[in-house]
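Asker: Give me a 3D structure for the following:
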Amino acid sequence: MSETTNEVPTVTRESLDDLGQMMLSRIDTWDVEAKSCQAILAAADSDDAKAMVVTLRDTHDDYPEYLDLIAKAEGILATIDKSNEDKVEKPTDSQVESAKAELGSLKDQAKAALQFLIGAYGEGAKELMPTSLKAKRGGGSKGATGIKRPRMQAILVQDKDGEMLVHLQVGADKPENKPTFSALAKWLSDTTDTKVETPALQDAAFDAAGTKDLSSVDKVEFSVTIKDAHYFITATSKVSDK
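Answerer: Here you go, the predicted model:
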């Protein structure tokens with residue numbers, strides 16, 4: 001008896017005809033606009049708007065060009081002086097609502113475009129859709145990531161012998177020293193010369209805590225291994241204002 005497989009044929013940008021290329025060009029434009037909206041939402045949901053700049057540096061190799069694009073979105077980052085990041089301001093409520101509405105519209109357009117691509121070129125076309133334009137699963141989420149942004153009081157990193165390597169705390173004068181997972185990702189990336197993604201650290205913390213609401217636990221402990229080196233992390237939840 002022969003064995004059947006459900007392997008989906010690969011669809012690449014280069015394999016598309018002129019009509020498909022035109023549709024992808026539109027999707028590329030929507031991708032840039034969606035990332036701009038997501039940056040606005042990330043800034044609004046951050047303890048410190050300056051942390052957004054650090055996140056962008058961590059996740060985008062073409063930081064200057066990308067930041068210029070974001071600066072055009074709603075004019076929110078138009079006041080940025082690259083020599084003085086203190087001038088970065090948090091977006092207003094109206095700007096946040098505008099970004100949310102725009103992001104929703106972009107995803108709706110992308111969904112229709114994807115349906116066209118799948119119909120014309122097959123299921124493999126799904127892989128051509130940028131992450132920024134994919135619909136998030138579930139509802140009731142907060143911010144651009146689809147989850148409640150973790151807010152911590154402190155993040156301690158130790159080696160296998162219990163020696164402190166870094167201690168990120170509230171009140172630090174620089175965003176990269178504040179207790180955020182983006183700052184932790186940056187420190188690990190710089191220390192190990194290996195790209196460490198913020199979402200991966202958040203997921204590790206959520207798995208260890210058994211919840212995506214880290215404010216519901218006093219602290220969460222987890223570890224990561226990079227280039228055979230083990231890093232033991234303790235993240236302490238931010239104290240409630242109640």
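Asker: residue ranges of the helices in this structure, please?
Answerer: Ranges of helices in the chain, per DSSP state H, are 18-44, 50-59, 63-72, 93-121, 181-192, 198-209.
Asker: Report all helices and strands that the fifth one contacts.
Answerer: This points to helix 181-192. helix 50-59, strand 152-158, strand 164-169, helix 198-209, strand 219-226, strand 229-237 (3 or more C-beta pairs under 8 Å, 6 or more residues apart in numbering; DSSP states H and E). Quick note: C-beta positions are derived from backbone N, CA and C, even for glycine.
Asker: Likewise for the longest one?
Answerer: Secondary structure elements in contact with helix 93-121, counted by 3+ C-beta pairs under 8 Å, 6+ apart, are helix 18-44.
Asker: Quick check: mean pLDDT of the helix it packs on?
Answerer: Helix 18-44 carries an average pLDDT of 84.
Asker: quick one on the thing from earlier: can you redo the helices and strands packed on helix 181-192 as JSON lines with mean pLDDT?
Answerer: Converted to JSON lines, these look like this (pLDDT from 0 to 100):
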{"stretch": "helix 50-59", "mean pLDDT": "48"}
{"stretch": "strand 152-158", "mean pLDDT": "90"}
{"stretch": "strand 164-169", "mean pLDDT": "91"}
{"stretch": "helix 198-209", "mean pLDDT": "87"}
{"stretch": "strand 219-226", "mean pLDDT": "91"}
{"stretch": "strand 229-237", "mean pLDDT": "91"}
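Asker: re earlier: what would the helices of the chain look like in CSV with mean neighbour count?
Answerer: Formatted as CSV, those follow (neighbours: other C-beta atoms under 10 Å):
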stretch, mean neighbour count
helix 18-44, 18
helix 50-59, 20
helix 63-72, 15
helix 93-121, 16
helix 181-192, 20
helix 198-209, 17
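Asker: Pipe those into JSON lines and attach distance to I233 per row.
Answerer: Formatted as JSON lines, these follow (distance: least, C-beta to C-beta, whole Å):
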{"stretch": "helix 18-44", "distance to I233": "22"}
{"stretch": "helix 50-59", "distance to I233": "17"}
{"stretch": "helix 63-72", "distance to I233": "26"}
{"stretch": "helix 93-121", "distance to I233": "31"}
{"stretch": "helix 181-192", "distance to I233": "7"}
{"stretch": "helix 198-209", "distance to I233": "8"}
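Asker: so which of those helices gets nearest A135?
Answerer: The closest of the helices of the chain to A135 is helix 93-121. By C-beta to C-beta, the value is 5.9 Å.
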